[in-house]
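Colleague: what follows is a predicted structure for the sequence shown.
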Amino acid sequence: MDPLETARVRGDFPLLERTVGGHRLAYLDSGATAQKPTCVIDAEQDFLTRSNAAVHRGAHTLAVEATEAFEASREAVARFVGADTDEIVWTKNATEALNIVAYGFANASAELGGPEAARFRVGPGDSIVVTEMEHHANLVPWQQLAARTGAQLRWLPLTDDGRLDLSELDAIVDASTAVLAFTHVSNVLGTINDAARLVDRARQVGALTVLDACQSAAHLPLDLHALGVDFAAFSGHKMLGPTGIGVLYGRKELLDALPPVLTGGSMITTVTMEETQFLPAPQRFEAGTQPVAQIVGLAAAVDYLAETGMETVAAHEVAIGEALLAGIREVPGVRVLGPLEPSLRIGTVSFDVDGVHAHDVGQFLDSRGVAARVGHHCAQPLHRRYGITASTRVSSAIYTDEQDVEQFLAALAEVRAFFGVAA
Amino acid sequence: MTDLTQLYQQVILDHARERTGAGTLLAPVPRPAGFGSSHQVNPTCGDEITVEAGPGADLAREHRWEGAGCSISMASASVASELLTEHGPQRFREEVIPAFRALMDSRGRGEPDEDLLEDAAAFHGVSRFPGRIKCALLAWVAFEDALAQTDTEKE
């Protein structure tokens, strides 16, 4: 993307105009949550001011309009990630989506769901495989499933340069493996994983795959059918959409067989005092009132990204990532986590400043108008693997420009001197 | 905008580097009577600290801490140790800890009692940064808890 184009894109994001402590804002925390374009803000407001009504119930005009907007949004999101419309389940966030899958396995293991749910049963003798780079949201639910069922939890380790170590893949993912859950892109390291190879291995042994797509859906072209994963999860707010809305993707036949976790209204066909029949997917997972305005906002966000084209977005962010990586590596006393080869990662870079705690780094950057993330980024095992408890992360999005990078690098260069660690 | 130097006063940066009371934990097994140990973690950033009090009765001298964290949390542990040594456990618990908590709750409006708090008065500026107050309090929670354990274990 040429600079003029980026300037035009930035004009779509009103928040970027504000200042912080008298400084221009350099927002480099899109990996945590992205800023919203005007079209998303307007879509939510338009829905609430013109069409708000309960969906999938009632026969009046507003209810019809709201239901149409609700289902058209599902279609837009499905198209955006290469899925069929009825393979898209609305959730509160990606964490909930991952928990629906893990607890669906747990329910099946407790004999719920009848014979068609048998494929989700796990117990002693089975294994569940994750990776050492997972966000806690794609680790803790699987630990819980293992604890509940007696299945064994295994993980793929990391290399020193922040990639998955697949040298023991065939031993770790073996005939006992029921599920392989892994992130498409590390939220800390920015590493893009070889999803095709992992899916191939899982298929060889008959394991189901669960993809955390939070950091890929927002930054890379994503085609879930082409990737061949069985389930995937992503969140709206990281891809320019509102908070409070996430997505669970599942292959239709699997979603129709997976026992639901949240039960109640809007997800049933017949209820008697003794028992209940559930609707097919996606409705069987959408109990209770849904966040319709946020869903409409998310559809506006994916339309916005699609209009620009995810190839263009990805190319822009790779260039930003390359500039971040090269600039950070030039600062003395700063160690980059993750691969040093830009083509292996998205435009997210985490680093450790020798002698200065990440929290202090972030505070100093903030004093220069730079918004970065500090802490363990919900990935404590990853940080432990690299001998640290916390790191500082800068992450880009469609609107990140060269000035953001320069402003950040200028501030980073002063950090160690400010804290008296080095001149 | 609050100036960064209000947060990172020189005395705080000095304590973060030259840490009073920091040392290797004894972690005795089994714990002798009157020995206190408290491990505290800040789950948002992963900072952690362990404070030990005892095994002897002279807690002003016989305490130590080990921790990893930001300059605010480490400097805070250092000044807490210094004040415990200077005032002794009783005054530290009855006057110093409440005064430090009150200072942290003041949102920058409190006037620190410099005679009582000494170097801890420099944390006045921290109370203006809501995101950092828990960094400053982490060690104090550990000191308070470890000292309280020395009571119950003695009984």
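Modeller: It's in. Residues are numbered from 1 along each chain as shown, chains lettered A, B, ... in the order given.
Colleague: tell me where chain B has strands.
Modeller: Assigned by DSSP state E, the strands in chain B fall at B:36-42, B:47-53, B:63-68.
Colleague: oh, I was asking about the stretch 151-300 of chain A
Modeller: In the stretch 151-300 of chain A, the strands defined using DSSP state E, counting those that start in this stretch lie at A:152-156, A:177-183, A:208-212, A:231-235, A:246-250, A:268-271, A:276-278.
Colleague: and A:Pro115, which of these is closest to it?
Modeller: strand A:276-278 (14.9 Å; CB to CB). All C-beta spots, glycine's among them, are computed from the backbone N, C-alpha and C.
Colleague: buried set for stretch B:54-65?
Modeller: Buried positions in stretch B:54-65, judged by neighbour count with 16 or more other CB atoms under 10 Å in any protein chain shown: B:54-55, B:59-60, B:62-65.
Colleague: end to end, how far does it reach?
Modeller: Chord length of stretch B:54-65, first to last residue, is 12 Å (CA to CA, to the nearest Å).
Colleague: got it, and stretch A:110-124?
Modeller: End residues of stretch A:110-124 are separated by 13 Å (CA to CA).
Colleague: if we ignore the residues flanking it in sequence, what's nearest the one residue in the stretch 101-250 of chain A that gets nearest to chain B?
Modeller: Closest residue of the stretch 101-250 of chain A to chain B, CB to the nearest CB: A:His136 (10.8 Å). Once flanking residues are discounted, A:His136 sits nearest to A:Cys378: 4.5 Å by CB to CB, 6 or more residues apart in numbering or on different chains.
Colleague: okay, the one you found and A:Phe182: tell me how far apart.
Modeller: According to CB to CB, to the nearest Å, A:Cys378 and A:Phe182 sit 16 Å apart.
Colleague: do A:Leu15 as well
Modeller: 33 Å.
Colleague: ok, A:Pro280 next?
Modeller: Relative to A:Phe182, and taking CB to CB, A:Pro280 is found at 28 Å.
Colleague: what parts of chain A come near chain B?
Modeller: A:20-22, A:356-360, A:363-364, A:367, A:374-376, A:380, A:383, A:389-390, A:418-420 (CB under 8 Å from any CB of the partner chain).
Colleague: hmm, which of those are the buried ones?
Modeller: Using 16+ other CB under 10 Å as the burial test, the residues of chain A next to chain B include A:20, A:356-360, A:363-364, A:367, A:374-376, A:380, A:383, A:389-390, A:418-420 as buried.
Colleague: among the residues you listed, name the ones in strands.
Modeller: Using DSSP E, these in strands are A:20, A:374-375.
Colleague: now A:Asn99, nearest residue through space, not along the chain?
Modeller: In space, A:Asn99 is closest to A:Pro141, 4.9 Å off (CB to CB, 6+ apart).
Colleague: in the stretch 1-150 of chain A, what residue is nearest chain B?
Modeller: For the stretch 1-150 of chain A, CB to the nearest CB, closest residue to chain B: A:Gly21, 3.3 Å.
Colleague: hmm, that residue is touching A:Leu365, no?
Modeller: No. Counting by CB atoms under 8 Å, A:Leu365 is not a contact partner of A:Gly21; they are 11.3 Å apart.
Colleague: neighbour count: A:Cys378 and A:Phe182, which is higher?
Modeller: For A:Cys378 and A:Phe182, the more surrounded residue by other CB atoms under 10 Å in any protein chain shown is A:Phe182, and the numbers stand at 25 against 17.
Colleague: in the sheet, who's paired with the closest residue to that one other than its chain neighbours?
Modeller: Closest residue to A:Phe182 apart from its sequence neighbours, by CB to CB, 6+ apart: A:Thr131 at 5.0 Å. A:Thr131 has these beta-bridge partners by DSSP bridges: A:Leu156.
Colleague: tally of neighbours for A:Thr131?
Modeller: Neighbour tally, A:Thr131, other CB under 10 Å: 26.
Colleague: returning to what we had before: shouldn't the residue nearest to A:Asn99 be within a helix?
Modeller: Yes. Secondary structure assignment places A:Pro141 in a helix (DSSP: H, G, I helix; E, B strand; the rest coil).
Colleague: mind listing what it touches?
Modeller: A:98-99, A:101-103 (CB atoms under 8 Å, 6 or more residues apart in numbering or on different chains).
Colleague: cool, A:Arg121 as well?
Modeller: Residues in contact with A:Arg121 (CB under 8 Å, 6+ apart) are A:105, A:108-109, A:111.
Colleague: filter those to the buried ones?
Modeller: A:105, A:108-109.
Colleague: in helices, which of the residues of chain A next to chain B appear?
Modeller: Under the assignment DSSP state H, these contribute A:358-360, A:363-364, A:380, A:383, A:418 to helices.
Colleague: my guess is the residue nearest to A:Phe182 meets A:Leu164, correct?
Modeller: Yes. The criterion here is CB under 8 Å, and A:Thr131 meets it with A:Leu164 at 5.8 Å.
Colleague: what's the overlap in contacts for the two?
Modeller: Joint contacts of A:Thr131 and A:Leu164 (CB under 8 Å, 6+ apart) are A:156, A:158, A:182, A:193.
Colleague: check contacts around the residue in the stretch 201-350 of chain A positioned nearest to chain B.
Modeller: Closest residue of the stretch 201-350 of chain A to chain B, CB to the nearest CB: A:Ser350 (13.6 Å). Listed by CB under 8 Å, 6+ apart, the contact set of A:Ser350 reads A:188-190, A:336-338, A:377, A:391-394.
Colleague: for A:Trp90, helix, strand, or coil?
Modeller: A:Trp90 falls in the strand class when you classify it by three-state DSSP.
Colleague: where does pLDDT dip in the chain?
Modeller: Using chain A. For chain A, applying pLDDT under 70 flags the ranges A:1-4, A:423.
Colleague: meant chain B, my bad for not saying
Modeller: B:1-2, B:153-155.
Colleague: repeat the analysis, applying 50 as the threshold.
Modeller: Chain B contains residues with pLDDT under 50 at B:1, B:153, B:155.
Colleague: and B:Thr152, how many neighbours?
Modeller: Other residues close to B:Thr152 by other CB under 10 Å number 9.
Colleague: could you do A:Leu153 as well?
Modeller: Quick note: A:Leu153 (other CB under 10 Å) scores 15 neighbours.
Colleague: nearest residue to it other than its sequence neighbours?
Modeller: Nearest non-adjacent residue to A:Leu153 (CB to CB, 6+ apart): A:Ala146, at 4.2 Å.
Colleague: ditto for A:Asp161
Modeller: A:Pro339 is the one closest to A:Asp161 (CB to CB, 6+ apart), at 5.4 Å.
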